[in-house]
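Student: Here's my sequence, what's the structure:
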Amino acid sequence: MRRATLGRLVQHLRIWVLGFAVLLYVAPAAAVSVTALTYDTGKDQLVLTIAYRGTNPDHEFKVQWDACKKLDDERMQILGLLVDNQPDDLARQEFTKPMRIDLRDFSCRPAKVTIRTSAGFFTSVDIPAAKTRGSSPALSSEPRNAP
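Tutor: Numbering: from 1, shown residues only. Down below sits the predicted model:
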């Protein structure tokens, strides 16, 4: 009697483990993360490296921006949600994709920019005030090599 019950328990456990493994294999890609976030001063752009899982490298990402908020100092703060156009793609392979966001018309500056994902990952970078056109470069006391 005990042997039959133990045999059924082992069989049910095997079925449960196999079902769980299949579920993991066909689960949608929920884990999107930003592995690098920097500010490119020369091009006035945010530079992101996005890591995600899926069946293809053709995912496209966009950022949905929240309202700009004032911090305690002279800076502003803005939160952006990184949105994947294929959120239900099956998580079969790992991919990385670069993304650049032009900030020339970005009025929330100087700011702490935070990018987050639906999986709860977030990272931040500070961006300076916008450069005004026609302004001369700031004088510096650092010595420079003459051309």
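Student: number of nearby residues for Lys62?
Tutor: Residues near Lys62, counting by other CB atoms under 10 Å, number 12. All C-beta atoms are positioned from the backbone trio N, CA, C, and that covers glycine.
Student: Ok, Gly7 next?
Tutor: So Gly7, with other CB under 10 Å, has 10 neighbours.
Student: Also Leu9?
Tutor: 10.
Student: Distance check, it against Thr41.
Tutor: Taking CB to CB, to the nearest Å as the measure, Leu9 falls 64 Å from Thr41.
Student: Ok, Val32 next?
Tutor: For Val32, the distance to Thr41 - CB to CB - is 27 Å.
Student: Comparing the two, which residue is more hemmed in?
Tutor: A side-by-side neighbour count of Val32 and Thr41, using other CB under 10 Å, places Val32 first with 21 against 10.
Student: Neighbouring strands - and their directions - for the helix or strand containing Gln77?
Tutor: In the assignment (DSSP states H and E), Gln77 maps to strand 76-84. Sheet pairing of strand 76-84 (DSSP bridges) gives strand 61-65 (antiparallel), strand 69-70 (antiparallel), strand 111-117 (parallel).
Student: between those strands, which gets nearest to Gln93?
Tutor: When those are compared by CB to CB, strand 61-65 sits nearest Gln93, at 16.7 Å.
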